[in-house]
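>>> Sequence below, structure please.
(chains A and B)
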2 protein chains.
Amino acid sequence: MATQQLGTIAVIGGTGAEGSGFALRWAGAGLDVVIGSRSNKKGETVAAELTDKLGGQGTIRGADNLGACEQADVVVLSVPYESQEGILASIQSGLPGKILVTLVAPLLGEKKGRYVPASGGSAALEAQAQVGDDVTVVAAFQNVGAHHLADFDHVIDCDVLICGGKRADRDIAITLAEAAGMRGVHAGVLQNAAIAEGLTALLISVNAAYKTRSAGIRITGI
Amino acid sequence: MATQQLGTIAVIGGTGAEGSGFALRWAGAGLDVVIGSRSNKKGETVAAELTDKLGGQGTIRGADNLGACEQADVVVLSVPYESQEGILASIQSGLPGKILVTLVAPLLGEKKGRYVPASGGSAALEAQAQVGDDVTVVAAFQNVGAHHLADFDHVIDCDVLICGGKRADRDIAITLAEAAGMRGVHAGVLQNAAIAEGLTALLISVNAAYKTRSAGIRITGI
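Predicted coordinates:
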């Protein structure tokens, strides 16, 4: 799938470290990107700052979350788990018929490296239950460290597990991964998102054991 | 840690495809290995067959599961999830003071590639609750395909996530991984075993999507 076929990408929570990092990489790869924030003003301000960083290699627009969502063909959710329910409710009217790519990983036990599953089994399954069947939720990018994203030239040594939807829906997330300089891997149904979310906690344990913050995963044998 | 320091390794369920594969690799690497089966006779018969396969590169003894456990310094559990509770009960008297390395991954939804967590959160946590605090459960090797093991020369392109116990306990499992030709990775507390177990289901989904049976994982950045 060519990146141009993706249309407009809205990054909900696009003023955060992770959302900004992806917005920069995607706009730098030629995608049409709008970032959303709680306030329209903050969205526009951060979008201008990010556009400056791109140094002529692309433009990022800003809006409030619902405004960004309404402009988009693909909606990317990059918010803390604690904010997920409220922010999804605020953009619900802009979602029907669209793909919602969620990056959310619940890290309730982060400090101790403990895996604490979301109450609905996974944050992605909770999101799908909330937004309804008119929206296709695809889970991706849970295991990518935000500190890797902002540096354009940094090669991210981590595959992106993509769970949910049909193959064509996952292909959209795979194209997004490739535009951000990573490999996306088809990883089955949305129920598998629980595992990808849990991996984030496990990688935090690995980081602690090896005194790094760069642990990631690669899928072999495919 | 040198392999000789491990002492005697008992492989409970060592007549199955996975248990036999590890027994062969460990005995071939110079470890003292005894395989256990439900019957002493089957254990001895399969042990003799495996010793033949080793072609003079090692010896494998056979016994019933409890007998194997009583001889061992390190006990490896390689049984189907459905059999775990009954077999643990049958070897309980031989376990106190020892390390129990469990390879068990519950694959309740295997055909559909669905992740169905064990009722206790993970098979490894269920095992720890059952055997009690006198036994240290370490989870490892859940993601290694049995078909990879029997062929000695086959390089297994998969890391081994090791969860549970203290660092010294995980070091024992890391030495076992290295003796089998793989890299072991410290992956935190036993609660993280749920994620490693779930990964097995996710890799089955990956296998289905890519029409292979060789999908594995590597940890990067450490």
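>>> what about residue A:32, how many neighbours?
By other CB atoms under 10 Å in any protein chain shown, the residues close to residue A:32 number 20. Heads up, the C-betas are built off the backbone N, CA and C, glycines and all.
>>> dump the residue contacts of it.
A:7-9 (CB atoms under 8 Å, 6 or more residues apart in numbering or on different chains).
>>> Most neighbours among these, which one is it?
Sorting the contacts of residue A:32 by how many neighbours each has (other CB under 10 Å) puts residue A:9 first, at 28 neighbours.
>>> That one is in what secondary structure piece?
If you go by DSSP states H and E, residue A:9 is part of strand A:8-12.
>>> which strands and helices sit next to the helix or strand that that strand is followed by?
Per DSSP H and E, the first helix or strand lying C-terminal to strand A:8-12 is helix A:17-28. If you count contacts as 3 or more CB pairs under 8 Å, 6 or more residues apart in numbering or on different chains; DSSP states H and E, helix A:17-28 packs onto strand A:8-12, strand A:32-37, helix A:40-54, strand A:60-64, helix A:146-149, helix A:167-179.
>>> let's go with 7 Å and repeat that
Under the contact definition 3 or more CB pairs under 7 Å, 6 or more residues apart in numbering or on different chains; DSSP states H and E, helix A:17-28 sits against strand A:8-12, strand A:32-37, helix A:40-54, helix A:146-149, helix A:167-179.
>>> Report the buried residues of the longest helix along chain A.
In terms of residue count, the longest helix belonging to chain A (DSSP state H) is helix A:193-210. Neighbour-count burial for helix A:193-210 flags A:193-209 (criterion: 16 or more other CB atoms under 10 Å in any protein chain shown).
>>> Tell me how far residue A:217 lies from chain B.
According to CB to the nearest CB, to the nearest Å, residue A:217 stands 5 Å off from chain B.
>>> again but with residue A:213, I slipped
On the measure of CB to the nearest CB, residue A:213 and chain B end up 8 Å apart.
>>> okay but that residue is in contact with residue A:145, surely?
Yes - Residue A:213 lies in contact with residue A:145 (CB atoms under 7 Å); the separation is 6.5 Å.
>>> Show me what from chain A comes close to chain B.
Neighbours of chain B within chain A, by CB under 7 Å from any CB of the partner chain: A:113-115, A:157-158, A:185-189, A:191-192, A:194-195, A:198-199, A:201-202, A:205-206, A:209-210, A:212, A:214-222.
>>> ok, of the helices and strands packed on helix A:17-28, where does mean pLDDT dip lowest?
Within these, the stretch with the lowest mean pLDDT is helix A:146-149, showing a mean of 70.
>>> Show the subsequent helix or strand relative to it.
Using DSSP H and E, the helix or strand that directly follows helix A:146-149 along the chain is strand A:160-162.
>>> for that following strand, packing partners?
By 3+ CB pairs under 7 Å, 6+ apart, strand A:160-162 packs against helix A:167-179, strand A:184-186.
>>> what's the helix or strand for residue A:66?
helix A:65-71.
>>> pLDDT score for the residue lying closest to residue A:44 once chain neighbours are set aside?
Excluding the flanking residues, the one nearest residue A:44 by CB to CB, 6 or more residues apart in numbering or on different chains is residue A:62, at 4.0 Å. Looking at residue A:62, its pLDDT stands at 98.
>>> hey, what's residue A:62 bridged with?
Beta bridges link residue A:62 to residue A:35 when assigned by DSSP bridges.
>>> I figured residue A:98 was touching residue A:134, is that so?
No - applying CB under 7 Å as the test, residue A:98 and residue A:134 come out as separate, 8.6 Å apart.
>>> Which one of the two is surrounded by more residues?
Ranked by neighbour count (other CB under 10 Å), residue A:98 and residue A:134 place residue A:98 first, with 19 against 10.
>>> from what I can see residue A:202 touches residue B:189, true?
No - with contact defined as CB under 7 Å, residue A:202 does not reach residue B:189; the gap is 9.9 Å.
>>> and residue A:211, how many residues sit next to it?
7.
>>> Am I right that residue A:125 is in a strand?
No - read with DSSP: H, G, I helix; E, B strand; the rest coil, residue A:125 is helix and lies in no strand.
>>> With chain B as the reference, measure out to it.
11 Å.
>>> now swap in residue A:171 and tell me
Applying CB to the nearest CB to residue A:171 and chain B gives a distance of 11 Å.
>>> Helix or strand, whichever it is, which one in chain A has the lowest mean pLDDT?
When each helix and strand of chain A is scored by mean pLDDT, DSSP states H and E, helix A:146-149 comes last, with a mean of 70.
>>> Next, the contact list for residue A:121, please.
residue A:194 (CB atoms under 7 Å, 6 or more residues apart in numbering or on different chains).
>>> on that earlier part again, tell me which of the helices and strands packed on strand A:160-162 sits most buried.
Most buried of the helices and strands packed on strand A:160-162 by mean neighbour count (mean count of other CB atoms under 10 Å in any protein chain shown) is strand A:184-186; its value is a mean of 21.
>>> what's the helix or strand following the helix holding residue A:66 packed up against?
Note on helix A:65-71: by DSSP H and E, the next helix or strand toward the C-terminus is strand A:74-77. Using 3+ CB pairs under 7 Å, 6+ apart, the elements in contact with strand A:74-77 are strand A:8-12, strand A:99-102.
>>> Alright, that wraps it up for me.
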